[in-house]
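Participant: A structural model of the following input is requested.
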Amino acid sequence: MDAFEKTHDLAKKGDSEAQTLLAWYYASGTNTEQSYKEAVNWYKAAAEQGVPLAQYNLGLCNAKGLGVEIDEDQAAKWFKKAAEQGYTPAQYLLGCTYLDAKGVKKDYEKAVELFRQTAEKDYDDGIVSLGDCYCFGIGVEKDLEEAVKWYQKAAEKAIPEGQYNLALSYFRGEGIEPDSKEALRLLHLAAKQGFADAQVLVGQCYASGTEVEQDFMKAAEWFILAAEQGLPEGELLLGLCYAQGQGVEKNPQKTIFWFNKAAEKGNDIAQLALGECYASGEFVEQDYSKAHYWFLKSAEQGNPAAQFAIGDSYLKSQGVDRDLQKAFDWFLLSAELGHYEAIVAVAGCYKKGFGVEQSDTEAEKWFAESEKVKQEYEENTSL
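Facilitator: Got it, this is the predicted structure:
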């Protein structure tokens, strides 16, 4: 009798440990054909007998929809049962459910309590999450020094997210004396472990020459690593490298490819960049309809430059029918966020009565506002 058959026989007789092991066999496809449905059945049998590991894994199956439909209530129920027995991974995920209100009522204080329990047991994710709670004042009073304490503990354990968060604290001088050299050292450690956010920031340091000699080729290498992991910021920055020919050979096709990757994932800056490419015909055939589509995606996320672009498309009937009312509405949204060109456009609309009742008073008010932000706009566009 092989291991699977022996385990199966014991499981059928009600042996909870065998049921848990059999469930794992089915979930992992070890010694048998993979079947999450069978795994769920056996995890449930063991979970109902009080096995914390089975309860935890049953919670995961319900949370991820493995072998069953996604059921956040059931996931939280089983995480809670395992957590009550002191099972650390379950305590952590139960904390996450309270944080995100998945299957339970949102309760930041309970989340912090659970994160603290796991952090005090040296659980990696709990250490980092507790630091985050102190950093952002979630469920506890904001305390940057306490956040740094937990990030330092995480960094000492070589937890990449902890190294990254501690690096940010050093860069910003939050909860600790600023030290950009130490920040960069920590970023390299996290980046070398494959932490994509750190890879992006290391790349940006090389691109800007922050604490290292400026090196666009190294910057691009780090952006490539982050982009290949699917991080939108890495995809966007790699697209910019190909657009500008910095660290890599200029390549229109790859520019659009990476912009599109990031844009599809909801990155508003990539959506704006892609819209600008379609509007100008740079790197891709000009297409005002596609430009409008991507501008709108970005604008709906509150990007002021995209909001201005949408207003401009309605004003100039590029990709859409001309609509002065919509043009004015989008210009106003952007202007209220301080976008210089939109402020000027709003002033012009009031002056000419485009999409709004003509008003010299309002026009003068907005022209005066434009003068306040003009210098900053000219400095940014001259970079």
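Participant: what is the distance between the strand or helix carrying K290 and the centre of its chain?
Facilitator: Assigned by DSSP states H and E, K290 falls within helix 288-299. Put simply, helix 288-299 sits 22 Å off its chain's centre (C-alpha atoms, centre = their mean, to the nearest Å).
Participant: show the secondary-structure elements that the very next helix or strand once past it is packed against.
Facilitator: Counting by DSSP H and E, the next helix or strand C-terminal to helix 288-299 is helix 304-316. Secondary-structure packing of helix 304-316 (3 or more C-beta pairs under 8 Å, 6 or more residues apart in numbering; DSSP states H and E): helix 268-280, helix 288-299, helix 324-335, helix 340-352. The C-beta positions use only the backbone N, C-alpha and C, and glycine is treated the same way.
Participant: switch the ones you listed over to JSON lines; also include distance to T88, mean pLDDT and mean neighbour count.
Facilitator: Shown next, in JSON lines, are those (distance: least, C-beta to C-beta, whole Å; pLDDT from 0 to 100; neighbours: other C-beta atoms under 10 Å):
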{"stretch": "helix 268-280", "distance to T88": "37", "mean pLDDT": "98", "mean neighbour count": "24"}
{"stretch": "helix 288-299", "distance to T88": "41", "mean pLDDT": "98", "mean neighbour count": "21"}
{"stretch": "helix 324-335", "distance to T88": "47", "mean pLDDT": "98", "mean neighbour count": "22"}
{"stretch": "helix 340-352", "distance to T88": "51", "mean pLDDT": "96", "mean neighbour count": "22"}
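Participant: roughly how far does T20 sit from G353?
Facilitator: Per C-beta to C-beta, to the nearest Å, T20 is found 74 Å from G353.
Participant: let me see the domain layout of this protein.
Facilitator: Residue ranges for the domains of the chain, per automatic domain parsing: 1-106, 122-193, 194-306, 324-383.
Participant: lowest average pLDDT across the ones you listed?
Facilitator: Mean pLDDT is lowest for domain 324-383 among those, at a mean of 91.
Participant: rewinding a little: more neighbours: which of T20 and G353?
Facilitator: Neighbour count, other C-beta atoms under 10 Å: between T20 and G353, T20 has more, with 23 against 13.
Participant: and the more buried one, what does it touch?
Facilitator: Listed by C-beta atoms under 8 Å, 6 or more residues apart in numbering, the contact set of T20 reads 42-43, 46, 51, 53-54, 57.
Participant: which element is it on?
Facilitator: Per DSSP H and E: helix 16-28 holds T20.
Participant: same question for that helix: list its buried residues.
Facilitator: 16, 18-27 (16 or more other C-beta atoms under 10 Å).
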